[in-house]
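**Q** What follows is a predicted protein model with its sequence.
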Amino acid sequence: MPAIVFLHAFPLNRAMWRPQIEALPQGWTALAPDFRGFGDAPADEDVATRMATLSLDDFAGDVIRAMVACGIGPAIFCGCSMGGYVALAMLRLCPERVAGLVLADTKATADTDAGRASRRAMLDLLSREGPGAVTAQMLPRLVGPTTAAQRPTVVRETAELAEHATSAGIRGALVRMLNRPDSTAALSAYRGPVLVTVGAEDELTPIADAESMAAMVPGARLAVIPEAGHLASLETPGVFNEELRAFLSGLKPEASSLQPSAVSPEP
């Protein structure tokens with residue numbers, strides 16, 4: 001049975017993918033893990049003493065172990081933002097497990113100096129004021145202005161998802177993203193199917209980043225999601241799901257009808 005692994009954005013959790021899991025084409029199964037310190041996943045106990053060695057490869061290793069436990073072989077990896085970074089880490093570490101990529105509102109490059117400075121400032125904010133302050137700072141940039149003005153339910157849902165993030169989880173994720181390497185070489189060498197999506201109103205990883213990734217892989221498809229920001233899959237799930245369905249159905253032509261699939265684990 002073909003499988004898709006959903007990798008969530010910072011500072012949310014696997015529940016952000018519920019609209020996609022509920023709308024998978026018939027015959028597909030899904031895995032949606034929480035990263036350490038988010039959702040139901042326990043946080044690292046020693047984040048403060050391991051800052052220099054924390055890596056997104058840790059998250060990728062957790063994903064591999066979850067796949068093995070669920071009996072999932074090569075899969076499509078659908079990652080949003082931080083989840084996209086982890087999908088690219090999978091591509092660097094174990095390309096044989098990557099049957100295809102959906103890179104949603106993310107980028108393949110490492111942080112710029114300005115990006116690293118911003119993450120360090122957020123780490124300082126976390127130390128001073130706690131996870132709630134990080135969420136409050138992030139939320140206006142996670143959704144686009146159309147969602148902020150017209151979809152208050154989505155804004156509330158995003159805030160509620162972020163409330164489940166622990167201080168250790170946020171700290172560990174920020175340091176791992178700050179430490180991450182450039183993945184452009186790995187993506188440029190990849191020759192599997194790739195869908196790149198981006199919200200038209202995404203300020204964190206704008207359209208130019210998506211265009212750059214799509215240009216790296218021959219045959220990659222770029223989909224710009226209108227009236228959505230950094231969380232396009234959550235802001236306008238109907239439009240995102242149509243793009244995802246078309247991509248998956250192209251890999252498995254007989255999977256053309258949208259029906260709920262078996263999910264392990266269920267978000």
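**A** Thanks, I have the structure now.
**Q** Neighbours of Pro145, how many?
**A** Applying other Cβ atoms under 10 Å, we find 12 residues neighbouring Pro145. In this view, the C-beta of every residue, glycine as well, is placed from N, C-alpha and C.
**Q** cool, Ala200 as well?
**A** 16.
**Q** Give me the helices and strands touching the longest helix seen in the chain, please.
**A** When the chain is parsed with DSSP state H, its longest helix is helix 113-129. Other helices and strands packing on helix 113-129, by 3 or more Cβ pairs under 8 Å, 6 or more residues apart in numbering; DSSP states H and E, are helix 131-142, helix 167-179.
**Q** and that helix, how far out from the chain's middle?
**A** 21 Å (Cα atoms, centre = their mean, to the nearest Å).
**Q** Report the angle between that helix and helix 167-179.
**A** For helix 113-129 against helix 167-179, the angle between stretch directions is 170 degrees (axes from the mean of the first three to the mean of the last three Cα atoms, to 10 degrees).
**Q** is it true that Phe77 touches Pro95?
**A** No - if you go by Cβ atoms under 8 Å, Phe77 and Pro95 don't touch, sitting 11.0 Å apart.
**Q** So which of those two has more stuff around it?
**A** Phe77 (28 against 14).
**Q** For this structure, give me the ranges with low pLDDT.
**A** Applying pLDDT under 70 to the chain flags the ranges 48-49, 252-267.
**Q** Now the longest helix of the chain: buried residues?
**A** Arg119, Met122, Leu123, Leu125, Leu126 (16 or more other Cβ atoms under 10 Å).
**Q** so the second one makes contact with Val134?
**A** Yes - the pair Met122 / Val134 is scored as a contact, 6.0 Å apart, by Cβ under 8 Å.
**Q** any idea how far Asp190 is from Ile4?
**A** You called it Asp, but residue 190 is Tyr. 17 Å (Cβ to Cβ, to the nearest Å).
**Q** what angle do the longest helix of the chain and helix 131-142 make?
**A** Using the same axes, to 10 degrees, helix 113-129 lies at 140 degrees relative to helix 131-142.
**Q** quick one: contacts of helix 113-129?
**A** For helix 113-129, contacts defined as Cβ atoms under 8 Å, 6 or more residues apart in numbering pick out Asp111, Ala133, Val134, Gln137, Ser167, Ile170, Arg171, Leu174, Val175, Met177, Leu178.
**Q** Buried ones among those?
**A** Using 16+ other Cβ under 10 Å as the burial test, the contacts of helix 113-129 include Asp111, Val134, Ser167, Ile170, Arg171, Leu174, Val175, Met177, Leu178 as buried.
**Q** returning to that earlier point: and the helices and strands packed on helix 113-129: which comes nearest Ala41?
**A** helix 167-179 (7.7 Å; Cβ to Cβ).
**Q** Pull the distance from the next helix or strand after that closest one to the chain's centre.
**A** The helix or strand immediately downstream of helix 167-179 is helix 184-189, counting by DSSP states H and E. The gap between the average C-alpha position of helix 184-189 and the chain average comes to 18 Å, counting by Cα atoms, centre = their mean.
**Q** Right, I'll leave it there.
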